[in-house]
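Asks: quick one: sequence and predicted model below, then my questions.
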2 protein chains.
Amino acid sequence: MLVQLDCIHEVNNEFIYRPIIAEAVQRMMDFVNKPQPVALHTEPSMKILLIGASGTIGRAVHTELAARHDVITAGRSSGDYRVDLTDLASVEALFAATGPLDAVIATTGSLHFGPLADFTPAQYAIGLNDKLMGQVNLVLAGQKVLNDGGSFTLTSGILSHDPIRYGSSASMVNAAIDGFVRGAAIELPRGLRINVVSPTVLSESLPSYGPYFRGFESVPAARVALAYSKSVEGAQTGQVYLVD
Amino acid sequence: MLVQLDCIHEVNNEFIYRPIIAEAVQRMMDFVNKPQPVALHTEPSMKILLIGASGTIGRAVHTELAARHDVITAGRSSGDYRVDLTDLASVEALFAATGPLDAVIATTGSLHFGPLADFTPAQYAIGLNDKLMGQVNLVLAGQKVLNDGGSFTLTSGILSHDPIRYGSSASMVNAAIDGFVRGAAIELPRGLRINVVSPTVLSESLPSYGPYFRGFESVPAARVALAYSKSVEGAQTGQVYLVD
């Protein structure tokens, strides 16, 4: 329905056109009050690969997105497909097996926590190889196979900028993921997008991690999952979605 | 010298006190115009280890700090001492050779530039092993031997948050260094401090790197060197000094 009101501005005598306004208002009210067919443009359902679906965030992301999309899962020891993200060849084999995808989400990655005084290069390498390069490998391989306009959504964490004791590797690795995402976003071809979700400590994790995060406000995984929805179903790229 | 002007506010008759103001102003002018003995507290000279002294930033930092401090240098192929920062044992040997230090500065580190489409895990490993872990190794070893209150000053770069084509490794590695510094700062013992200088492209580098940094304002290395002075001679910790 189109209501043309422009004509009002083209005349001096308002009385002549007042009936037009009255009719226009009436038609607007009719339009607003009448039950409408769905008028919003809805995107078609996507095929989404979720790696880390067995984790607390992964489960929440699956719940959030599976209602609207075809979500397939992969993991080191569970899911529809097996993959070792630290091995680029394994990631390439995963994409060959899944076929075309519209979105890839990673909610997985390990790193070591320990006192700075005792940290070793090998302990930093755990996070660099697993949480950082594991997710980077997804992008290196995925940029060649994702459907045009597809998206990557990675996971970092609040410690990049809000550090805790024993967390120097987490601060390093999470910041590195954020930086990589900002850098990769401007080079991805074919309208591919990439964002990263950077959550604070999960409410569900407080029983185990709470003592390390005293004074941090926790967030439920379901709230964190919204940021993945925004990344996958929105149109932004190069963003770090802080959820804290 | 103390000039008390408060009394003016306590009276209603300005004529009576005007001579006091005139005298006070005169005494102020005398004070300002007279050569003063050095009144500021000056810190004693420090023993500073500079790694990467042969680079453009390193030379500027040496010029800035050697005027006031004892600056010794180390590098892979030049300087007073030889060190391979990627090897923790080599870094430990360096500290054993230098003896007690008040400050360690790193203005060194390599990483790979290339199109995201062609980047390999091995190429990312160059920056992670050299520029990131090389500087981290300095902190791991140095935290045990620096004098109380000593400082580390590392080097990252603007691409952590202001990316360019071919710079996904630089964005990753520079952000990782910034994150590590924020994390390490809160765990260092004995009043040890750590900061990182994050410069934009150097004016001196424009002839070679300029085409990659179109539209970036460059800064002369001498200006970047001031941030190292602020880190070493100041009292802040956990800071990322952007110089752009």
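Replies: The structure has been received and is ready for your questions.
Asks: which ones are touching A:Gly52?
Replies: Shown in contact with A:Gly52 (Cβ atoms under 8 Å, 6 or more residues apart in numbering or on different chains): A:58, A:75, A:105-109, A:155. Bear in mind the C-beta positions are built from the backbone N, C-alpha and C, glycine included.
Asks: could you rerun that using 10 Å?
Replies: By Cβ atoms under 10 Å, 6 or more residues apart in numbering or on different chains, the contact set of A:Gly52 is A:58-59, A:61-62, A:73-76, A:78-79, A:85, A:105-109, A:134-135, A:155.
Asks: let's see which of the residues you listed end up in helices.
Replies: With DSSP state H as the criterion, helices contain A:58-59, A:61-62, A:134-135 from among the contacts of A:Gly52.
Asks: A:Ser54 reaches A:Ala60, doesn't it?
Replies: No - using Cβ atoms under 10 Å as the test, A:Ser54 is too far from A:Ala60 to be in contact (11.7 Å).
Asks: okay, those two: which has more neighbours?
Replies: Taking other Cβ atoms under 10 Å in any protein chain shown, A:Ser54 and A:Ala60 do not tie; A:Ala60 has more neighbours (22 against 17).
Asks: any of the contacts of A:Gly52 buried? List them.
Replies: Neighbour counting by 16 or more other Cβ atoms under 10 Å in any protein chain shown classes A:58-59, A:61-62, A:73-76, A:79, A:85, A:105-109, A:134-135, A:155 among the contacts of A:Gly52 as buried.
Asks: what is the neighbour count of A:Gln143?
Replies: 20.
Asks: phi, psi for it please.
Replies: Per-residue torsions, A:Gln143: phi -60, psi -20 (degrees, to the nearest 10).
Asks: before we move on, what about A:Leu49?
Replies: The phi/psi pair for A:Leu49 (degrees, to the nearest 10) is phi -100, psi 120.
Asks: and if you look at A:Gly99?
Replies: phi 80, psi -170.
Asks: my guess is it meets A:Asp70, correct?
Replies: No - look at A:Gly99 against A:Asp70 with Cβ under 10 Å: they stay out of range, at 11.3 Å.
Asks: shared neighbours of those two, anything?
Replies: A:Lys47.
Asks: so which of these two has more stuff around it?
Replies: A direct count of neighbours by other Cβ under 10 Å for A:Gly99 and A:Asp70 places A:Asp70 higher, at 13 against 9.
Asks: let me see the contact set for that one.
Replies: By Cβ under 10 Å, 6+ apart, the contact list for A:Asp70 reads A:45-49, A:101-102.
Asks: just curious, which of those residues is nearest to A:Ile177?
Replies: A:Leu49 (18.1 Å; Cβ to Cβ).
Asks: now A:Ile57: closest residue in space that isn't a chain neighbour?
Replies: A:Thr107 (4.4 Å; Cβ to Cβ, 6 or more residues apart in numbering or on different chains).
Asks: so what's the backbone phi/psi at that neighbour?
Replies: phi -120, psi 40.
Asks: how close does it get to A:Tyr81?
Replies: Separation of A:Thr107 from A:Tyr81 (Cβ to Cβ, to the nearest Å): 15 Å.
Asks: check A:Gly234 too.
Replies: For A:Gly234, the distance to A:Tyr81 (Cβ to Cβ) stands at 26 Å.
Asks: rewinding a little: pretty sure the residue nearest to A:Ile57 contacts A:Leu49?
Replies: No - counting by Cβ under 10 Å, A:Thr107 sits too far from A:Leu49 to count as a contact (11.4 Å).
Asks: count of residues packed around A:Ile186?
Replies: A:Ile186 has 16 neighbouring residues, counting by other Cβ under 10 Å.
Asks: could you do A:Tyr212 as well?
Replies: 15.
Asks: next up, the contacts around the residue nearest to it when sequence neighbours are not counted.
Replies: Among residues not flanking A:Tyr212 along the chain, A:Ile164 sits closest, at 5.6 Å (Cβ to Cβ, 6+ apart). Contact analysis of A:Ile164 by Cβ under 10 Å, 6+ apart lists A:113, A:158, A:170-171, A:201, A:209, A:212-216, B:183, B:186-187.
Asks: what's the farthest-apart pair in those residues?
Replies: A:Val201 and B:Glu187 (18.4 Å).
Asks: do a quick rundown of the strands in chain A.
Replies: A:47-51, A:70-75, A:81-82, A:103-106, A:151-155, A:193-199, A:240-243 (DSSP state E).
Asks: redo the ones you listed as CSV? Include mean pLDDT.
Replies: Below are the strands of chain A laid out as CSV (pLDDT from 0 to 100):
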stretch, mean pLDDT
strand A:47-51, 98
strand A:70-75, 98
strand A:81-82, 98
strand A:103-106, 98
strand A:151-155, 98
strand A:193-199, 98
strand A:240-243, 98
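Asks: nice, that's everything, thank you.
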